[in-house]
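Q: dropping a prediction and its sequence here:
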Amino acid sequence: FYKWKTIHIITTLENIFYPDIEKTRFVNKYLYLFILKKNLRSDQEIVVFNKQIKQDLNEKSNIIEDKIKIIPAFFNSSFEETAKLEIKNKHTIPGNYILYDAWIWNNKNIIRLLQVVKEINNTESISLVILWNQISNQLDIRQQILDLWINNKVIFVWNPLNNELWLYYKQALAVIFPGFYYWFPLVMS
């Protein structure tokens, strides 16, 4: 019931189309959606970050299209710039690579993985890229790499840039997650 000019910034439609659990009771849900749609219609402008949100707001909430303005999100340009980056060229990886993404407490089988990399490289040229610097700080793992003669097949990336991280997953032949309850990366296509 606010009467002055307002600008509404919408980053996602999740709360609009799928309200929180406590608001899913019949009366609460419809009261929440009624107030939200009334506020959206009375806003002077609605700011969104992509065309899909604009189209969904227009179609499902019956909001005038001229009222909805698109501002590109700040991370779009950095993703477009890094989309041309080849991880193999950046780290001079000769063939395909397998990505190993684990912190120090999840690497109980890293020695066995290094032995597998040695066995695979007898027939094919596949490198192992290890993300994050916790594993690379362990001297026994580095010594094992030297003992197996695979120091040119194991690349430590340390801390990759946030805008390049998704490319490591996208361009990898496979990704190894050693933990059962470990997060799974979202790769943008």
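A: Received it, and whenever you're ready, just let me know what you need.

Q: got the residue ranges for the helices in this structure?
A: 14-17, 26-42, 51-61, 76-82, 87-90, 110-120, 139-147, 162-170 (DSSP state H).

Q: lowest average pLDDT across the ones you listed?
A: Lowest mean pLDDT of the helices of the chain: helix 76-82, a mean of 52.

Q: surely Asn159 touches Asn133?
A: Yes - Asn159 is within contact range of Asn133, at 6.1 Å (criterion: Cβ atoms under 8 Å). No exception for glycine: its C-beta is placed from N, CA and C like everyone else's.

Q: output the helices of the chain in a markdown table; the columns should cover distance to Ile70 and mean neighbour count.
A: Below are those laid out as a markdown table (distance: least, Cβ to Cβ, whole Å; neighbours: other Cβ atoms under 10 Å):
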| stretch | distance to Ile70 | mean neighbour count |
| --- | --- | --- |
| helix 14-17 | 17 | 13 |
| helix 26-42 | 16 | 13 |
| helix 51-61 | 6 | 15 |
| helix 76-82 | 11 | 12 |
| helix 87-90 | 31 | 14 |
| helix 110-120 | 45 | 16 |
| helix 139-147 | 48 | 13 |
| helix 162-170 | 21 | 17 |
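
Q: could you dump the ones you listed into a markdown table and include distance to Tyr97?
A: Listed next are these as a markdown table, based on distance: least, Cβ to Cβ, whole Å:
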| stretch | distance to Tyr97 |
| --- | --- |
| helix 14-17 | 35 |
| helix 26-42 | 47 |
| helix 51-61 | 33 |
| helix 76-82 | 17 |
| helix 87-90 | 7 |
| helix 110-120 | 10 |
| helix 139-147 | 15 |
| helix 162-170 | 9 |
